[in-house]
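> Need coordinates for the following:
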Amino acid sequence: MALHVIAARILIPLAAALALASPVFAGESAGNEAAAESLFQEAKRLAAGGDFDGACPKFAESNRLSASVGALLSLGDCLEQTHKLASSWGAFVAAGILARTRADTARENEAGRRAALLSPRLAKLAIVVPPAARVPGFRIYRNGEGVGEAQFGSLMPADTGQHTIEARAPGYKTWSTTVRIETEGAAASVEIRPLDKLPTDVAPAVPRGDGGPQKTVGLAAVGVGVAGLVVGAITLGLDASTHASLAQQCPMGQCPGALQSTVNAYHSLGIVSSTALVAGGALAATGLVLVLTTPKTSPQPAGVSPVVGLGYVGLAGRF
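Below is the predicted model:
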């Protein structure tokens, strides 16, 4: 095989990858990193001065912009100082998980140690939902955040203080109550009662998620496209390694029969690399267009908001 053909096989996929790499992603990533670092440093200064109420949200936002073990550990410290033990425990647990993925054994152990110290001090709250309350579209919110059905009836870690529990469903009046947990280690329970129907002429519309199906499809396409680019980059590296080996063993581009299996593998890697890079880039670009062109959702009725997910704090921060 002529070496100029082999070189072309490597350079064409690489050129495709570079052409498909969107400057929007690169710029956004760099911007997030810079903002995350700035917030992290500001939060450290506030915490050092004892202003934990000001520091904790900045640690959380820094972490959301760019996940890191250091930010999660700092967030856990900060939240513990404000007596939000469940949220602090959640931050330490998340720090341990992230440290494990990065083979950071020392900080994984430290995060586990801190979470274990908090565990016996955690207050718990159970939300009991009887079958009669589970109408179509039924949703539970605790302090404005959606509660997954798997949590119904289970004692879940909760910060001390007041918690607002709401039950909502399309065509029904919103039901709400408050429960207060006074001390560490305490347990509380609240039972949701069946919702009252609204008159049909004033029933609110079903809440829509931010961006609707178009944005969901766009984000999914971006994720799959990026995964394709990663696969393409990996196979491209393997293809280049095979090329280097063949270049040494195939003088004048002619390979002996004993290397036929290696040549075949090289061809396969080239096809996989080219396909993954081109398809991944196209899919990511299409998804980005869908996300950026998603129309804004219509205003929602008062008292109704979309499910915003589970968790104690936004877990994402600085290394």
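> buried ones in stretch 140-155?
Buried residues in stretch 140-155, counting neighbours by 16 or more other Cβ atoms under 10 Å, are found at 140-142, 147, 151-152. Every C-beta, even on glycine, is put in place using the N, C-alpha and C of the backbone.
> Over to stretch 91-108?
91-96, 98-99, 104, 107-108.
> For the stretch 1-150 of the chain, give me the ranges with low pLDDT.
Applying pLDDT under 70 to the stretch 1-150 of the chain flags residues 1-28.
> residues making contact with stretch 174-186?
Residues from elsewhere that reach stretch 174-186 (Cβ atoms under 8 Å, 6 or more residues apart in numbering): 85, 120-125, 158-168, 188, 190, 192-193, 195-196, 303-304.
> just the buried members of these?
The neighbour-count criterion (16+ other Cβ under 10 Å) marks 85, 122-125, 158-160, 163, 165-168, 188, 192, 195, 304 among the contacts of stretch 174-186 as buried.
> Sort out for me which of those are in helices.
Counting by DSSP state H, the buried ones among the contacts of stretch 174-186 place Leu85 in helices.
> Among the buried ones among the contacts of stretch 174-186, name the ones in strands.
123-125, 158, 163, 165-168, 188 (DSSP state E).
> ok, which pair from those is furthest apart?
Put simply, by Cβ to Cβ the two of those set farthest apart are Ala123 and Arg168, 25.1 Å from each other.
> what ranges do the strands span in the stretch 1-150 of the chain?
Here the stretch 1-150 of the chain has its strands, by DSSP state E, counting those that start in this stretch, at 123-128, 139-142, 145-147.
> Would you point out the most distant pair within the buried residues of stretch 140-155?
That would be Tyr141 and Phe152, which, of the buried residues of stretch 140-155, are the farthest apart (Cβ to Cβ) at 12.8 Å.
> quick revisit: which of the buried residues of stretch 140-155 sits closest to Gly76?
Distance ranking of the buried residues of stretch 140-155 against Gly76, using Cβ to Cβ, places Arg142 first at 20.7 Å.
> can you pull the contacts of the closest one?
Contact analysis of Arg142 by Cβ under 8 Å, 6+ apart lists 125, 127, 163-165.
> I'd like those laid out as CSV, including distance to Glu61.
Compiled in CSV, the contacts of Arg142 are given as follows (distance: Cβ to Cβ, whole Å):
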residue, distance to Glu61
Leu125, 26
Ile127, 28
His163, 23
Thr164, 23
Ile165, 26
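> Quickly note the distance from Val69 to Ala116.
Per Cβ to Cβ, to the nearest Å, Val69 is found 17 Å from Ala116.
> oh, I was asking about Asn63
Distance, Asn63 to Ala116, by Cβ to Cβ: 21 Å.
> So what's the residue count around Ala133?
19 (other Cβ atoms under 10 Å).
> swap that for Ser62, please
So Ser62, with other Cβ under 10 Å, has 30 neighbours.
> That one and Lys44 touch, don't they?
No - with contacts counted by Cβ atoms under 8 Å, Ser62 stays clear of Lys44, the gap being 9.8 Å.
> Next, the contact list for the closest residue in space to Tyr141 that isn't next to it in sequence, please.
Leaving aside its sequence neighbours, Tyr141 sits nearest to Glu166 (Cβ to Cβ, 6 or more residues apart in numbering; 4.5 Å). Glu166 makes contacts with 140-141, 174-176, as judged by Cβ under 8 Å, 6+ apart.
> Sounds good, over and out.
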